[in-house]
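In: everything below, folded, please.
(chains A and B)
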Amino acid sequence: MHELAVTQSILDIALRHAEQAGAQRILVVNLLVGDLTGFVDDSIQFYFSFLSEDTLARDARLNFERVAPRARCHACGAEYTPPDSRIWTCPECEALGGEVIAGREFSVTSIEVE
Amino acid sequence: MEEPKQSQTLPVVEKILSANDRIALENRKLLDEHRVLAVNVMASPGAGKTSLILRSIEALRGHLRAGVIEGDVAGHVDADKVAETGTPVVQINTGGGCHLDAPQVQAALRQLPLDEIDLLFIENVGNLVCPTGFALGEHVNMMIANVPEGHDKPIKYPGMFTVVDALVLNKIDLMPYLDFDREAFHTAVRALNANAPLFEISCQTGEGLAAWVKWLRARSAKA
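Out: Residues are numbered from 1 along each chain as shown, chains lettered A, B, ... in the order given. Got it, this is the predicted structure:
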């Protein structure tokens, strides 16, 4: 996908918050990533190591908290975890399809600094 | 003596794409001020994005004034085709980028005569994955599937099918020559997206185009 550009955004956010707090070094960047975003952890970590070389975030570890998709049935309103195939069928009423209520998250939740 | 370093956790809670989202909102505001309906056109390479846009411009003539932003990795082949119709067009070259983003669209909007446009087609980069991740400021997200690429695309690339407001299945004139399972396609699309209208068309023969254009006009009137 396009992990290089978004990794730069992650680094920018982390550095801005670390500098505001007067931190010397960023140790960990905690991320919340929904499974439906398609972002690949290893790829983001790879670019992060490369982009952060001359910054406070050098050698920082990225910690990914993944969020599994959740859907809400259009027909009966039941909430369920759709199968990987993404052919979403409500387990309650067997109606096809559902509204995505989780799985599209993509944010920096916190950073650990010293 | 240096004090021992204390590590601490700083709460951040910031959306990683917030910079893009902010500019997308600015784009949306600008479009609304000029009463322009923006349609983000997404599909794989060769699905018929430019063909559908050209056909739509032709059918909308006399009803709605079109404008086009063309997104491609390189070249201006598509923009040239649109310009031949006398339609205002701006080409964006992403230089390897796999999708358009809001800042690119913002730059393009500045070059378009927005007061002379009612309906703006934003042709995204040919790709079934990345364009869905980046808001541009559009009002309508649509995608074009096509018969030769096969009926299994909703299953293999579900993300885009779930987020669009309308779908077009293009190249239906080729149906007799290919083993495209129409029913399997419809079932898969409905499972991913229960509400978006699906228009079966052929940009080659013009079949089915009227319904798509009618929907566009209705959508534009609502905006």
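In: going forward, measure contacts and count neighbours with C-alpha atoms only.
Out: Noted.
In: partner strands of the lowest-mean-pLDDT helix or strand in chain A, with direction?
Out: Lowest on mean pLDDT, DSSP states H and E among the helices and strands of chain A sits strand A:98-102, with a mean of 87. Applying DSSP bridges, strand A:98-102 is found paired with strand A:70-73 (antiparallel).
In: which stretches of chain A form helices?
Out: A:3-20, A:41-51 (DSSP state H).
In: would you turn the ones you listed into TSV with mean pLDDT?
Out: Below are those laid out as TSV (pLDDT from 0 to 100):
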stretch	mean pLDDT
helix A:3-20	94
helix A:41-51	93
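In: deepest-packed of the ones you listed, please.
Out: Comparing those by mean neighbour count (mean count of other C-alpha atoms under 10 Å in any protein chain shown), helix A:3-20 comes out on top with a mean of 18.
In: please identify the buried residues of the least confident helix or strand of chain A?
Out: A:Gly98, A:Glu99, A:Val100, A:Ala102 (16 or more other C-alpha atoms under 10 Å in any protein chain shown).
In: write out the residues of chain B neighbouring chain A.
Out: B:5-17, B:97-98, B:129-130, B:133, B:155, B:158-159, B:188, B:190-194 (C-alpha under 8 Å from any C-alpha of the partner chain).
In: give me the most central residue, the chain.
Out: Since you didn't name a chain, this refers to chain A. By C-alpha atoms, centre = their mean, chain A has its centre lying nearest to A:Val33, at 1.7 Å.
In: my bad, chain B
Out: Central residue of chain B (C-alpha atoms, centre = their mean): B:Val41, at 2.0 Å.
In: for B:Thr187, see how far away the residue sitting furthest away from the middle of chain A is.
Out: Using C-alpha atoms, centre = their mean, the residue of chain A lying farthest from its centre is A:Cys93. It sits 31.1 Å away. From A:Cys93 over to B:Thr187 the distance is 17 Å, taken as C-alpha to C-alpha, to the nearest Å.
In: also A:Ile111?
Out: 44 Å.
In: what's the answer for B:Gly97, then?
Out: Distance from B:Gly97 to B:Thr187, by C-alpha to C-alpha: 32 Å.
In: just to revisit the earlier point, dump the least confident helix or strand of chain A to CSV, keeping only the CA atoms.
Out: Extracted C-alpha coordinates of strand A:98-102, given in CSV (Å, rounded to 0.1, in the frame of the first residue of the first chain):
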residue,chain,number,x,y,z
GLY,A,98,-23.6,-4.8,7.5
GLU,A,99,-22.4,-1.4,8.5
VAL,A,100,-18.8,-1.2,9.6
ILE,A,101,-18.7,-0.1,13.3
ALA,A,102,-15.1,-1.0,14.0
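In: helices along chain B, start to end?
Out: B:18-33, B:49-60, B:77-83, B:102-109, B:153-156, B:158-163, B:182-192, B:209-222.
In: out of these, deepest packed?
Out: helix B:158-163 (a mean of 22).
In: residues near B:Pro176, how many?
Out: Counted with other C-alpha atoms under 10 Å in any protein chain shown, residues neighbouring B:Pro176 total 8.
In: pLDDT score assigned to it?
Out: At B:Pro176, the pLDDT value in this model is 97.
In: hmm, who's touching the least confident helix or strand of chain A?
Out: A:34, A:67-74, A:88-90, B:191-194 (C-alpha atoms under 8 Å, 6 or more residues apart in numbering or on different chains).
In: repeat the analysis, applying 7 Å as the threshold.
Out: Applying C-alpha atoms under 7 Å, 6 or more residues apart in numbering or on different chains, the contact partners of strand A:98-102 are A:Pro69, A:Arg70, A:Ala71, A:Arg72, A:Cys73, A:His74, A:Trp88.
In: mind listing what the last one touches?
Out: So the one you mean is A:Trp88. Contacts of A:Trp88 (C-alpha under 7 Å, 6+ apart): A:Pro82, A:Leu96, A:Gly97, A:Gly98, B:Ala191, B:Leu192.
In: before we move on, the earlier item: so the residue nearest to the centre of chain A makes contact with A:Pro69?
Out: No: the pair A:Val33 / A:Pro69 is not scored as a contact, 10.6 Å apart, by C-alpha atoms under 7 Å.
In: shaky segments in the chain?
Out: Just so you know, I chose chain A. Along chain A, segments meeting pLDDT under 70 span A:1, A:84-86.
In: wait, chain B
Out: In chain B, residues with pLDDT under 70: B:1-5, B:222-223.
In: repeat that for 90
Out: B:1-7, B:19, B:95-97, B:133, B:155-156, B:158-159, B:162, B:191-195, B:221-223 (pLDDT under 90).
In: buried stuff in stretch B:91-103?
Out: Buried-residue list, stretch B:91-103, by 16+ other C-alpha under 10 Å: B:Gln91, B:Ile92, B:Asn93, B:Thr94, B:Gly97, B:Cys98, B:His99, B:Leu100, B:Asp101, B:Ala102, B:Pro103.
In: got a list of contacts for it?
Out: A:2, B:20, B:23-24, B:69-76, B:79, B:124-125, B:127, B:130-131, B:134-137.
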